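>>> Sequence and predicted model, in that order:
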Amino acid sequence: MHGAAVYNGGMNSVDLKDLLARHFGFDGFRPLQAEIADAVMQGRDTLVLMPTGGGKSLCYQLPALALSGVTLVISPLIALMKDQVDGLRANGIAAGFLNSAQSSEERRRIQQMAFEGRLKLLYVAPERITQQGFHLFLNALDISLIAVDEAHCISEWGHEFRPDYRNLKMLRALSPQTPVIALTATATERVRDDIAAQLELRDTRVFVGGFNRPNLFYSVLPDRDKYDATVGYLRNHEGESAIIYRGSQRGTEDLAADLAEDGIEALPYHAGLDAEIRARNQERFVRDEVPVIVATVAFGMGIDKPDVRLIAHYEMPPSVERYYQETGRAGRDGLKAECILFYGPSERRRQEFFLDRMTDDAERDSARAKLQAMLRYCNPGACRRGVLLRYFGESPRVDSCDACDVCMSETFDATVISQKILSAVVRTGERFGSTYVSQVLRGENAPKLDERGHRNLSVFGIVQNYSVPELRDIAGALVGRGLLAEGVEYPTLSITPDGRAFLKRREQIRLPMLRAPVTKTRRSAKDAEAEYDTELFEELRALRTRFARERGVPPYVVFGDATLRHMARSFPQSEDSLLSISGVGNKKLEDFGAAFLKTITEYAESNEIEDKTSAPEKQTRKPRPAKRDRRDSTTHRTLELARQGLSIQQIAYDRGMTTSTVTMHIESLIESNALPQPERYLPNTNRVSKILDALDTAGGDRLKPVRDLLGSDYSYDEIRLVNAFLKRSVSSDTVWADESVTI
Ligand code: ADP
Ligand code: ZN
């Protein structure tokens, strides 16, 4: 390693912003991203704690593009590595990976590229670092930055310790001058310190993003009819990706089978499955071939899927950490997603049963404290988000988040009943749990009360209009609001300073209605994000899937849901407009632009919808590869090759594009009558006549019904080509043909 990278050599956040637009197609930074990238550019060691979906990857990917040499990325999972690299390449970024899953030939090829300085990012599995010869290879590279992803894996205190991560010390020793950026979503203070110590970070800048995930809607539903609730939800959200977590391996298989019987495609995932089946099930989920996966805790770390719209917990997990982490896999793309937990009293008993069987005292106490925190989350009295955030040491300023079932439910004036509960807690000496306090208020359980002399208290029997379970829920809500505190070892209630102030000042309080049904209005019309043309969205999704299959990458690598929704909301109908969509960079415009524009334009024309983007203003933002006239230059290049008599396959090969993209170009060219001898590009006459029949029968502009008629033996490409040919014949008869043509 030369260690001679020049940091911050004139590169500032404006230039980074330019790279952000050019390669990723994003118009701005997420919180902290710019600051972090700046610190990295200055050559500082950095430690980044950000929730899942916060956008950690860009914090090193952007500097990697700006710095002179290669950025080494340490990433724990082989499966993820490939997807990440595919994602970068789809954005036109030179990236590669080295791991044990690839052939030695492929490895050599990547090493050679790195060696020649032709890679900006090189992903490496941690176990490679100790391998013979690897040091020699690293020494020969010009490494500008080392990024350690999932950095908590280095710590034994973390929940995903990976001994291989300890090798990273060696890496540091090998290249002491190279700055390091360590990133993780889950780190307590202890783990954080450990990461810094293990990686020997110096003069470190630490960035901590909040734990709040504003796009996640949290709710807890009674577990009585959880199967029906699950089926109902999945039917209402057909095709959306969902993960259902279960506590047992058997459970995952049973539920997946039941769902399949009810017509919902679902696959199980657990550690007991054959490795091959497990990998295949995960793969099919990630590639959108199956919408639902029913999994144990074993499923997760390898999941980088940004468009998971539902995380349901069929059983309660044993801790808030686990719950937060598992729900964190929802909505990484920033779009709304739901987290549903099914809970009922039997759940509590089930968990307590496990607790009682623990033999180690310290372990049991710690597990009990964790369970209590989880139960607090299940309590219907306090904002779910608030409980989560407070658990992680944050103090959310508002009482209501507007995105959980509690905050969305009706409230009632709970002033009097709260005063009574607080008084009863004080009068009984702050030594009892909520059940006992409730019994005192209701005047129940007389023998015990007598024994303790509590029958004579002024609060004895003063409540008749609430049951004991209801009182317990209200007490739980008061804990959630910080007026009461619950003991750690035993759930005894005590009053907090805030609680005393509440009593003294006779403050008003409103609490959520108990067991109120979840309001149905949360996907309301005022929710601007939800407003997009779902029909077009589905067409774009199908197009995305087609490209993804063709290239063997997950669909989100082509375009994420957020980008497709943006398209289905703004109807871009020119390259500039398309470029103004968040998530469309230059490379993707080049590769997929023609196809997406065609679909959108056809749809918009048949529905008379205008282009709603504000492209001109953004045009300057994303530098264009070259000035172009109305005739888009990439299609034009295809035309030049077609004129030389090349076939679609030959053109694709020549231009390093997919045949699908070239087919799109050819279609446009056929339609606009620009292509000599367009018949050359049609399938044989027999197939053409079948396709013509089907087009006739299906009518309309959509190709899916046509394809359905023909069967999977026929490709969309063929159908489109024939369709284009038809359109050409029609338009050549009409006077306005030339004006109506857009390429
Ligand atoms: P993390 O690693 O923190 O979980 P990722 O780096 O995977 O998060 O980013 C999550 C999602 O957010 C990705 O789909 C990514 O494309 C998107 N994203 C990241 N930064 C931005 C940005 N500045 N603007 C728009 N989308 C972004
Ligand atoms: Zn809330």
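Perfect, I can see it now. Ligands and ions are numbered 1, 2, ... in the order given.
>>> okay, CA-based contacts and neighbour counts for the rest of this
Fine.
>>> Can you give me the distance of K587 to H636?
17 Å (CA to CA, to the nearest Å).
>>> L145 too?
Separation of L145 from H636 (CA to CA) stands at 40 Å.
>>> ok, the two, which is more surrounded?
L145 (29 against 16; other CA atoms under 10 Å).
>>> strands paired with the helix or strand containing that one, and their directions?
Using DSSP states H and E, L145 falls within strand 143-148. Neighbouring strands of strand 143-148 in its sheet, by DSSP bridges, are strand 70-74 (parallel), strand 180-184 (parallel).
>>> now the ones you listed in CSV, with distance to F29 and mean neighbour count?
Converted to CSV, those look like this (distance: least, CA to CA, whole Å; neighbours: other CA atoms under 10 Å):
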stretch, distance to F29, mean neighbour count
strand 70-74, 21, 25
strand 180-184, 17, 26
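>>> Please convert these to a markdown table, extending it with distance to ligand 2 and mean pLDDT.
Shown next, in a markdown table, are those (distance: least, CA to the ion, whole Å; pLDDT from 0 to 100):
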| stretch | distance to ligand 2 | mean pLDDT |
| --- | --- | --- |
| strand 70-74 | 37 | 96 |
| strand 180-184 | 26 | 96 |
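>>> Same list (those) but as a markdown table, adding distance to T252.
Below are the strands paired with strand 143-148 laid out as a markdown table (distance: least, CA to CA, whole Å):
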| stretch | distance to T252 |
| --- | --- |
| strand 70-74 | 32 |
| strand 180-184 | 29 |
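>>> G560 touches D307, doesn't it?
Yes: judged on CA atoms under 8 Å, G560 makes contact with D307 at a distance of 7.4 Å.
>>> Nearest residue to whichever residue of the stretch 301-450 of the chain sits closest to ligand 1 in space, please, no chain neighbours.
Here the stretch 301-450 of the chain gets closest to ligand 1 at one residue, D333, 4.4 Å apart by CA to the nearest ligand atom. Spatial nearest neighbour of D333, excluding adjacent residues (CA to CA, 6 or more residues apart in numbering): P306 at 5.0 Å.
>>> how near is that neighbour to L578?
P306 is 21 Å from L578, where distance means CA to CA.
>>> the more surrounded of those two?
Set P306 next to L578 and count neighbours by other CA under 10 Å: L578 wins out with 25 against 22.
>>> Helix or strand for the more buried one, just tell me which one.
helix 575-579.
>>> ok so, going back, how about the secondary structure of the residue of the stretch 301-450 of the chain closest to ligand 1?
With DSSP: H, G, I helix; E, B strand; the rest coil as the basis, D333 sits in coil.
>>> before we move on, back to that, overlap in contacts, G560 and D307.
Shared contacts of G560 and D307, defined by CA atoms under 8 Å, 6 or more residues apart in numbering, comprise D333.
>>> one step back: the strand holding L145 and ligand 1 in contact?
No: using CA under 6 Å from any ligand atom, strand 143-148 stays clear of ligand 1, coming no nearer than 11.7 Å.
>>> what are the C-alpha coordinates of that strand, in CSV please?
This file holds the C-alpha atoms of strand 143-148, laid out as CSV (Å, rounded to 0.1, in the frame of the first residue of the first chain):
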residue,chain,number,x,y,z
ILE,A,143,-5.7,1.8,-0.8
SER,A,144,-7.3,5.1,0.1
LEU,A,145,-9.8,4.0,2.6
ILE,A,146,-10.8,0.9,4.6
ALA,A,147,-14.5,0.6,5.3
VAL,A,148,-15.7,-1.9,7.9
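>>> Pull out the buried positions in stretch 182-199.
Neighbour counts over stretch 182-199 (16 or more other CA atoms under 10 Å) mark 182-187, 191-192, 194-196, 198-199 as buried.
>>> Please apply the same query to stretch 678-689.
Using 16+ other CA under 10 Å as the test for burial, stretch 678-689 gives 678, 681-682, 687-688.
>>> Mind putting those into JSON lines with pLDDT?
Compiled in JSON lines, the buried residues of stretch 678-689 are given as follows (pLDDT from 0 to 100):
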{"residue": "P678", "pLDDT": "83"}
{"residue": "Y681", "pLDDT": "87"}
{"residue": "L682", "pLDDT": "86"}
{"residue": "R687", "pLDDT": "88"}
{"residue": "V688", "pLDDT": "88"}
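>>> Helices of the stretch 1-150 of the chain, residue ranges please.
Ranges of helices in the stretch 1-150 of the chain, per DSSP state H, counting those that start in this stretch, are 13-19, 33-41, 57-66, 78-90, 104-115, 134-139.
>>> Relative to T613, which of those helices is closest?
The minimum distance between T613 and the helices of the stretch 1-150 of the chain falls on helix 13-19, with 20.1 Å, by CA to CA.
>>> Show me what from the stretch 1-150 of the chain comes close to ligand 1.
Proximity of the stretch 1-150 of the chain to ligand 1 (CA under 6 Å from any ligand atom) is limited to residues 26, 28-30, 51-58.
>>> nearest to ligand 2, of those residues?
Nearest to ligand 2 among those is P51, at 18.3 Å by CA to the ion.
>>> got a list of what the spatially most central residue of the chain touches?
The centroid of the chain falls nearest to R332 when counting by CA atoms, centre = their mean (2.1 Å). By CA under 8 Å, 6+ apart, the contact set of R332 is 52-54, 305-308.
>>> could you dump those to CSV with pLDDT?
Output for these, formatted as CSV (pLDDT from 0 to 100):
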residue, pLDDT
T52, 82
G53, 83
G54, 86
K305, 90
P306, 91
D307, 94
V308, 95
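>>> Which two of the residues you listed have the greatest separation?
Farthest apart among the contacts of R332 - using CA to CA - are G54 and V308, which lie 15.1 Å from each other.
>>> just to revisit the earlier point, mind checking which of the residues of the stretch 1-150 of the chain next to ligand 1 are buried?
For these, buried by 16+ other CA under 10 Å: 26, 51-56, 58.
>>> From F24, how far off is the residue nearest to V557 when sequence neighbours are not counted?
In space, not counting the residues next to it along the chain, V557 is nearest to G87; the distance is 5.0 Å by CA to CA, 6+ apart. Distance, G87 to F24, using CA to CA: 10 Å.
>>> Can I get the buried ones among the residues of the stretch 1-150 of the chain next to ligand 1 in JSON lines including distance to L121?
Listed next are these as JSON lines, based on distance: CA to CA, whole Å:
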{"residue": "F26", "distance to L121": "20"}
{"residue": "P51", "distance to L121": "23"}
{"residue": "T52", "distance to L121": "21"}
{"residue": "G53", "distance to L121": "21"}
{"residue": "G54", "distance to L121": "21"}
{"residue": "G55", "distance to L121": "17"}
{"residue": "K56", "distance to L121": "15"}
{"residue": "L58", "distance to L121": "12"}
